[in-house]
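>>> With the input below, show me the fold.
(chains A and B)
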Amino acid sequence: MALRHLVIREIKVALKNPAFIASLILLFVFYAAVGGVTRVGVSQSVEEVRKMAMRIPVVVEESSPLIKALLQNLNASVSSVKLYQSVDEALSENSYVIVFPKGFTEDALAQSMQKVPMLKAVIKLDSLSQVSVQSRVSVVQSVRQVVSRLLPVTLTQLYNITITQKEVALPDQNIATIVYNRVLGLTEVNSILGFSVAAIFVVAFVMGIATSYAATNTAMEKVEKAFEMLLAQPVPRREIVLAKILGSIALALLNAAVVLIAVLVMIYLMASPASSTTGNGAATIIGFDIALLGKNAITYIVLPLTIGLIYSGAIGVVLGSVSPDERTASVLSMPITFLYIGLGIAGMFLSLPINPVTAVIYGVLVAPLPYVFIVSELSKNPELLAIGMGTAITLCIMVIAIAIIIFNRDIVILGIRLPRRRKIELE
Amino acid sequence: MSSGVAVEVRNLTKVYGGGVVGVSDLTFAIREGEIYGLIGPNGSGKTTTLRIIATLIKPTSGFAKVFGVDVVKEPLKVRQLVNYLPEEAGAYRDLTGYDFIRFMLSLRFSGRRLEEAVSEAIEIAGLGNALKRPVRTYSKGMKRLLALSTVLASRPRLLILDEPTTGLDVERSIQVRQIIARYNREYGITVLLSSHNMLEVENLCHRVGILYRGKLVAEGSVEELKARTGSRNLEEVFMRVRG
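Have a look, this model is predicted:
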């Protein structure tokens, strides 16, 4: 009997806790938003694929009856094939091109199974995003599959020979991308995208920690009843605000360093037994990124992280200063953390091109700035970086100013008081 | 007791969001070296008044001056003259008592003066070896003494104490009152305190202001108020003047 009451009380207390309810709502909203953003991205890519698959742009580097027959079969069976004289010409009208390279016919006709006919593909990217890369890669791979399926049929038609095991290959190293007028291999592009997502996540995660620390520590000071004593001391309020921001930055960096070291230790321990077979792939990718992006690769994280920490620390101080207690502070800071991470990475999935408008948006969010750095570097367009960084620094100063203003207002003592429903008093 | 004016409050009104009136048209003055008590029930405006004078919140209208310095126009200057002990003031729970004393006093003093102030606060707190322990292990009374020791050791010209003995046992309450009286006597510190405890105010304060629903309904020395209302003690005075 008592157990029932105890269990009911446990649940009732949790359900009456606004922080618990808010976390449930936020979790739902966050995952629904992630799903929504992914859906938009995938829908865009599906539409793109559909359009791209309607016409297959092809460049032929060797003319042979086999290739002619293959193209005729391709034209008849799946989509219309359009031949171009050069890759550049094809890409001026399309976002990808399939290339039948020299040696294709020889490899296709070779009796040896070791000789595999290979295609090449060149993909043009308007924006550096996972979705746009994957959608184009999936199109060229689907073309490869169709060509692969038609090859034995065509060989039978032309030469009356039956080869069923011969596959047409299109390995990643045969796929080139043209992004911001630079030619990069698919592996390079994937590496850059992986680096961007990781950098955005790291910056957003550490920003979330800083906001959370600053908000809860400031609010906790109120609960500990030391806050009013502190504010009554002859110290300029701006110094109190700056101290809180710097404190939250130090704590967030400490936390992030411990998390980073712990994750590295975990990866090392997990990889050690299999190191002889797997090699050190992560180190290779990091080395690759640094080689590709230059030594600035570290700067791409450090600079946004520095601005992001000050920015998020100031936001945390603002939230904590208007919260009457740490529970309210955590309710207010939690969605902000979700926003840093969710919105930061969303752009990568939405295929948003980086232009002055999106650079401003990314500057407001701060976390995607590493991505802006990379795009700016690849496109040799420092203006975008200047816009993004300028926006972030301006907002950073504004949030600090808001925090100082709040610390000089009543709200820092009284906190935000949400209107409560009045209970009807019964006599 | 000096004759200068330590605190001048005139037509002070504070209206919070939602139209809740904290204090309304409040006017009173505190002489330098005086212990002045604000008494009244919960919600009468005591804490609002003290917070305005301590520069923590701003009045909606009217003004308050501390030793001639306006609390709204020159808050930093006022904070150099006053120190404030909020109601149920605590301390950072993960700091030791000693670290808390040192931190609070380091915001006002440095060098030799800081060391003197820290020693003085340690003596006032009288917590012995407990000062080496984190504040989270302290009882409510110990926390109160710790916080009080830092505000007293800073020897402000005006000491603002919000319910200094609330929640303390009799022994600790007497100890706190004695310390306040001693600092007033020995260093001429002007004290403005609020209290629910009429007996405390009767024993400690030179003059008293009675607040009721944000308004000052009576003011004077305890004896004057008793004589004026024909009451035997301050509780009776309060019941009669509130109407």
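
>>> can you pull the buried residues of stretch B:10-20?
Using 16 or more other C-beta atoms under 10 Å in any protein chain shown as the test for burial, stretch B:10-20 gives B:12-14. All C-beta atoms are positioned from the backbone trio N, CA, C, and that covers glycine.

>>> need the longest helix for the chain.
Using chain A here. Longest among the helix segments of chain A by residue count, using DSSP state H, is helix A:186-223.

>>> Switch to chain B, please.
Ranked by residue count, the top helix of chain B under DSSP H comes out as helix B:170-187.

>>> For chain B, which residues are neighbours of chain A?
Contact residues of chain B with respect to chain A, defined by C-beta under 8 Å from any C-beta of the partner chain, are listed as B:16-18, B:51, B:54-58, B:76, B:79-80, B:82-86, B:88-93, B:100, B:104, B:107-108, B:147, B:150-151, B:160.

>>> Just the buried residues of those.
Once neighbours are counted (16+ other C-beta under 10 Å), the buried part of the residues of chain B next to chain A comes down to B:51, B:54-57, B:79-80, B:82-86, B:89-93, B:100, B:104, B:107-108, B:147, B:150-151, B:160.

>>> Could you list which of these belong to helices?
Among those, the members falling in helices (DSSP H) are B:51, B:79-80, B:100, B:104, B:147, B:150-151.

>>> Turn the residues you listed into a markdown table, including pLDDT and distance to A:Leu251.
Putting these into a markdown table (pLDDT from 0 to 100; distance: C-beta to C-beta, whole Å) gives the following:
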| residue | pLDDT | distance to A:Leu251 |
| --- | --- | --- |
| B:Arg51 | 96 | 30 |
| B:Arg79 | 96 | 28 |
| B:Gln80 | 96 | 31 |
| B:Phe100 | 94 | 20 |
| B:Met104 | 94 | 22 |
| B:Ala147 | 93 | 25 |
| B:Thr150 | 95 | 25 |
| B:Val151 | 95 | 29 |
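
>>> Number of residues surrounding the residue nearest to A:Lys115 when sequence neighbours are not counted?
Closest residue to A:Lys115 apart from its sequence neighbours, by C-beta to C-beta, 6 or more residues apart in numbering or on different chains: A:Asp107 at 4.5 Å. Burial of A:Asp107, expressed as a neighbour count using other C-beta atoms under 10 Å in any protein chain shown, amounts to 17.

>>> ditto for the one 5 residues further on
Per other C-beta under 10 Å, the neighbour tally for A:Ser112 reads 7.

>>> what does the model give it for pLDDT?
A:Ser112 is assigned a pLDDT of 73 by the prediction.

>>> before we move on, what about B:Ser2?
Taken from the predicted model, the pLDDT recorded for B:Ser2 is 49.

>>> Quick one: residues in contact with stretch A:191-202.
Applying C-beta atoms under 8 Å, 6 or more residues apart in numbering or on different chains, the contact partners of stretch A:191-202 are A:128-130, A:133, A:184, A:256, A:285, A:288-289, A:292-293, A:297, A:300-301, A:304-305, A:341, A:344-345, A:348, A:367-368, A:370-371, A:374, A:378.

>>> Can you list the buried residues in it?
A:191-193, A:195-197, A:199-202.

>>> can you give me how far it is from the chain middle?
Average the C-alpha atoms of stretch A:191-202, do the same for its chain, and the two points are 6 Å apart (C-alpha atoms, centre = their mean, to the nearest Å).

>>> Equivalent analysis for stretch B:41-49, please.
13 Å.

>>> can you check stretch B:112-128 too?
For stretch B:112-128, the distance from its own C-alpha centre to the chain's C-alpha centre is 20 Å (C-alpha atoms, centre = their mean).

>>> who's in contact with it?
Surrounding stretch B:112-128, the residues in contact under the criterion C-beta under 8 Å, 6+ apart are B:97-98, B:101-102, B:105-106, B:108-109, B:131, B:138, B:142, B:145-146, B:148-150, B:152-155, B:175, B:179.

>>> Do you know the pLDDT at the residue of the stretch 301-427 of chain A found nearest chain B?
Using C-beta to the nearest C-beta, the closest approach of the stretch 301-427 of chain A to chain B is made by A:Asp410 at 4.3 Å. Reading off the confidence values, A:Asp410 has pLDDT 91.

>>> Just the element for the closest residue to B:Thr229 other than its chain neighbours, please.
Leaving aside its chain neighbours, B:Thr229 sits nearest to B:Arg240 (4.6 Å; criterion: C-beta to C-beta, 6+ apart). B:Arg240 belongs to helix B:234-241 when elements are defined using DSSP states H and E.

>>> What is that helix packed up against?
Counting by 3 or more C-beta pairs under 8 Å, 6 or more residues apart in numbering or on different chains; DSSP states H and E, the packing neighbours recorded for helix B:234-241 are helix B:198-204, strand B:207-212, strand B:215-220, helix B:222-229.

>>> Next, format those as a markdown table and append distance to A:Val317 and mean pLDDT.
Rendered in a markdown table, the data for the helices and strands packed on helix B:234-241 read as follows (distance: least, C-beta to C-beta, whole Å; pLDDT from 0 to 100):
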| stretch | distance to A:Val317 | mean pLDDT |
| --- | --- | --- |
| helix B:198-204 | 38 | 88 |
| strand B:207-212 | 34 | 94 |
| strand B:215-220 | 37 | 93 |
| helix B:222-229 | 45 | 92 |
